[in-house]
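Enquirer: fold the following.
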Amino acid sequence: MPTSNYGISSQSGNLVYYEVLHEILEVHYPGMIELRFVAFYWDWYDPTRGVRQDEFGVTSVHSIRKLPKYDPFILASQEDQVCYIRYPRVKNKDDHWITVTAIHPRGRVDGVCDHDPLQQNGVGYLGPVELSLEVDLVVDFDSDGDDEVHEDSEDEVEEFDDSDSIPSDYSLDSDSE
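Expert: Model prediction:
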């Protein structure tokens, strides 16, 4: 095992995968909104043959048993940080089992988030649609069409008042010249 003792764990279904970090990649997409993401390059421990848990709940991984499948990348949002610690031994120093301890990285606070999610959490309830045969008519087709209009019902608005007009070069006076 190298001198570095950091790694991550990632859960998929019932299996928990443990990894050793090799490289951190940050990819930038140039443009107006500057998209970027962080990916990690790992060696994965075998979760079936290389991970065990004792009666005290201590998880250990076998540092030699790597996962033969080639899937070395994981996104930063899919991981939890862990620390690998060797057993202190006087005899049998070549034992390849190391313990896994979950750690909380700096700047990360575990707790309740007060923000509402931006996506819909569930399907909304749609009630039954009431069928109505009653139609409200906008135009009354039964009337004769002789609607009586009173002169005092609407004020006549003078749209083109003489007092509001602006003299122009194209007036009738200029035609007489």
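
Enquirer: next secondary structure after the lowest-mean-pLDDT helix or strand in the chain?
Expert: Taking mean pLDDT, DSSP states H and E as the measure, the chain has strand 73-75 as its least confident helix or strand, at a mean of 69. Next along the chain after strand 73-75, taking DSSP states H and E as the criterion, comes strand 80-86.

Enquirer: which other helices and strands contact that next one?
Expert: Here strand 80-86 touches strand 6-12, strand 97-102, going by 3 or more Cβ pairs under 8 Å, 6 or more residues apart in numbering; DSSP states H and E. (Glycine included, C-beta is placed from N, CA and C.)

Enquirer: could you export the ones you listed as a markdown table, including mean neighbour count, distance to Asp80 and mean pLDDT?
Expert: Listed next are the helices and strands packed on strand 80-86 as a markdown table, based on neighbours: other Cβ atoms under 10 Å; distance: least, Cβ to Cβ, whole Å; pLDDT from 0 to 100:
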| stretch | mean neighbour count | distance to Asp80 | mean pLDDT |
| --- | --- | --- | --- |
| strand 6-12 | 16 | 5 | 79 |
| strand 97-102 | 15 | 6 | 86 |
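
Enquirer: of all those strands, which one is nearest Arg86?
Expert: strand 97-102 (5.4 Å; Cβ to Cβ).

Enquirer: contacts for that closest one?
Expert: 1, 7, 9, 18, 52, 58-63, 80-87 (Cβ atoms under 8 Å, 6 or more residues apart in numbering).

Enquirer: now with 10 Å, please.
Expert: 1, 5, 7, 9, 16, 18, 45, 50-54, 58-65, 80-87 (Cβ atoms under 10 Å, 6 or more residues apart in numbering).

Enquirer: so what are the sheet partners of it and their directions?
Expert: strand 59-62 (antiparallel), strand 80-86 (antiparallel) (DSSP bridges).
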